[in-house]
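S.K.: Next input, structure requested:
(one chain, ligands or ions: 2)
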Amino acid sequence: MKEPFLKPLAIVEQLHLHGFEAFFVGGSVRDLLLQREIGDIDIATSARPKEVIGLFPRTVDVGAKHGTIIVIYEGSMYEVTTFRSEENYNDFRRPDNVTFIHSLEEDLKRRDFTMNAIAMNHKGEIIDPFNGVEAINKRIIQTVGKPSERFSEDALRMLRAVRFVSQLDFSVVEETKTAIAKHSHLLDKISVERMTVELEKVMRGHNTTSAFKLLIETEMYKYLPGLLEKRERVEKLALYDWSNFKERPEYWTLLAYVIELKDIETFLRLWRLPNKIIRAVEININGLIKVLDSGWTNQLLYQLGLDRALQVQRVYAVLTSQDPKQLNETVRTLFSLLPIKSRDELVVRGKDLLYWFNKTPGPWVSKLIETIEDNIIKGNVVNDKAVIKEWLDHCNLK
Ligand code: ATP
Ligand code: MG
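M.R.: Ligands and ions are numbered 1, 2, ... in the order given. Next up is the predicted model:
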């Protein structure tokens with residue numbers, strides 16, 4: 001057994017000690033076999049949620065109804081889920097009720113793709129009833145069982161296939177792809193929040209080109225929020241190199257810029273993004289349009305601040321096929337040359353203006369501060385109290 005499984009091995013062993021079966025399952029086992037960085041480690045067990053809660057001092061009930069309990073162990077969180085089958089699919093979505101079962105194999109059978117239906121026991125031995133290891137070696141995505149049935153049970157799996165194309169650089173086998181094309185309309189039934197999670201993983205993946213092409217080829221894009229009439233725009237998305245982005249708003253900035261410039265907010269609301277991200281994307285796009293139009297100015301750099309300016313620059317680099325590292329260096333240099341980087345650095349305060357002009361407070365104070373700030377940024381006056389006072393007198397700005 002290798003890191004990072006050594007720590008959660010104690011959870012598996014504790015379950016064994018009390019007579020339960022327990023295995024590592026899902027993405028962590030797949031990623032171990034792929035020698036990829038391992039994310040969350042999930043454990044499947046024959047113990048019922050209540051029994052899991054009873055065996056560990058620190059647990060969080062995140063979905064006992066569905067069998068899932070989080071066990072907190074040595075500062076890390078692990079999802080421990082009771083073996084279950086999901087028979088009662090309703091309306092092409094995940095079932096509301098699940099049946100707890102006793103067999104690992106039945107539990108693996110309900111999983112989406114063969115590469116995700118592999119288990120590993122406490123000795124590091126692989127249990128692979130659906131030939132997931134072979135799929136990993138061939139780098140293919142194939143449903144466990146008949147794809148049409150599996151996508152009718154839970155339509156999100158089709159979008160998960162696309163995100164694995166992007167994340168893992170695998171290809172979807174023909175039968176599974178044909179079934180996606182046939183059932184893509186079922187995505188209509190899926191909650192937007194679940195789709196947003198997968199689309200973000202598509203955008204953050206390594207092979208965005210193949211993933212967006214697959215969205216077109218299967219016509220799945222038509223059933224994603226705000227993309228119905230946007231075939232050509234989605235085709236464009238496939239052409240860009242998304243790999244240099246870092247922050248969440250950058251991905252949505254490129255997406256919104258390419259898909260829907262007219263009403264960015266409505267488009268992003270369709271994806272149910274938090275207000276903070278929507279606002280960030282709007283600011284980014286306004287900045288981006290200015291950079292595309294007339295390049296960087298001191299005012300724009302100052303308004304955006306360094307972090308946001310770097311985000312805008314990375315999207316600009318992608319849109320104009322330029323080297324983002326070099327362009328970001330340019331932004332850093334230009335920013336370092338700004339006379340002031342934020343309002344805190346302004347040497348004049350409201351109280352100075354009140355004293356100088358001997359007037360009562362009012363909106364004129366903040367307006368004048370803005371004028372001074374703007375002129376410092378433009379290089380019309382330096383950030384020095386005496387110089388500013390003289391400049392104000394000279395320009396008769398009171
Ligand atoms: P990641 O590395 O992005 O976390 P993952 O494969 O672990 O990928 P999760 O969403 O964390 O994906 O799901 C964990 C496991 O649960 C999957 O590997 C798969 O076995 C199963 N699973 C998740 N979603 C579904 C689904 N919609 N239908 C069937 N099985 C699913
Ligand atoms: Mg996972």
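S.K.: For ligand 2, what's the nearest residue on the protein?
M.R.: In the chain, the residue that lies nearest ligand 2 is residue 27 (3.6 Å; CB to the ion). In short, each C-beta sits where N, CA and C put it, glycine included.
S.K.: For that residue, give its distance to ligand 1.
M.R.: 2 Å (CB to the nearest ligand atom, to the nearest Å).
S.K.: what's the answer for residue 182, then?
M.R.: Look at residue 182 and ligand 1: by CB to the nearest ligand atom, they are 18 Å apart.
S.K.: That residue: neighbour count?
M.R.: 15 (other CB atoms under 10 Å).
S.K.: swap in the one 4 residues further on?
M.R.: One way to gauge burial is a neighbour count; for residue 186, by other CB under 10 Å, it gives 22.
S.K.: One more: residue 286?
M.R.: There are 14 residues near residue 286, going by other CB under 10 Å.
S.K.: I'd guess it is in a helix, am I close?
M.R.: Yes. Residue 286 forms part of a helix when assessed by DSSP: H, G, I helix; E, B strand; the rest coil.
S.K.: which residues does the residue nearest to residue 127 when sequence neighbours are not counted bridge with?
M.R.: Nearest residue to residue 127, sequence neighbours excluded (CB to CB, 6 or more residues apart in numbering): residue 119, at 4.3 Å. Taking DSSP bridges as the rule, residue 119 bridges to residue 25, residue 127.
S.K.: so what's residue 119 up against?
M.R.: 23-25, 29, 44, 104, 108, 126-128 (CB atoms under 8 Å, 6 or more residues apart in numbering).
S.K.: give me that answer again for 6 Å
M.R.: Residues near residue 119 by CB atoms under 6 Å, 6 or more residues apart in numbering: 23, 25, 104, 127.
S.K.: Ligand 2 contacts on this structure?
M.R.: 27, 40 (CB under 5 Å from the ion).
S.K.: any weak-confidence spans in the stretch 151-300 of the chain?
M.R.: Nowhere does the stretch 151-300 of the chain drop to pLDDT under 70.
S.K.: Helices along that one, start to end?
M.R.: Ranges of helices within the stretch 151-300 of the chain are 156-168, 174-183, 192-204, 208-217, 231-237, 248-259, 264-270, 275-294, 298-319, based on DSSP state H, counting those that start in this stretch.
S.K.: Counting neighbours, what do you get for the residue of the chain closest to ligand 2?
M.R.: That count, for residue 27 with other CB under 10 Å as the rule, works out to 18.
S.K.: and what of residue 79?
M.R.: Neighbours of residue 79 (other CB under 10 Å): 19.
S.K.: ditto for residue 139
M.R.: 12.
S.K.: Please name the nearest non-neighbouring residue to it.
M.R.: Nearest one to residue 139, counting by CB to CB, 6+ apart, is residue 170 at 4.6 Å.
S.K.: Contacts only, for the one you found.
M.R.: Going by CB under 6 Å, 6+ apart, the list of residues near residue 170 reads 139-141, 164.
S.K.: Please apply the same query to residue 234.
M.R.: Residue 234 neighbours (CB under 6 Å, 6+ apart): 212, 216, 221.
S.K.: I'd say the last one and residue 227 touch.
M.R.: Yes. When contacts are counted by CB atoms under 6 Å, residue 221 is listed as touching residue 227 (4.7 Å).
S.K.: how far away is residue 181 from ligand 1?
M.R.: 19 Å.
S.K.: which residue sits closest to that residue, ignoring its sequence neighbours?
M.R.: Residue 181 sits nearest to residue 218 (CB to CB, 6+ apart), 4.4 Å away.
S.K.: Likewise for residue 10?
M.R.: Nearest one to residue 10, counting by CB to CB, 6+ apart, is residue 73 at 6.5 Å.
S.K.: hey, what's the one you found bridged with?
M.R.: Bridge pairing for residue 73 - DSSP bridges - gives residue 76.
S.K.: Count residues in the vicinity of the nearest residue to residue 385 once chain neighbours are set aside, would you?
M.R.: Nearest residue to residue 385 in three dimensions, chain neighbours excluded: residue 347, at 5.1 Å (CB to CB, 6+ apart). A count of nearby residues for residue 347, using other CB under 10 Å, gives 15.
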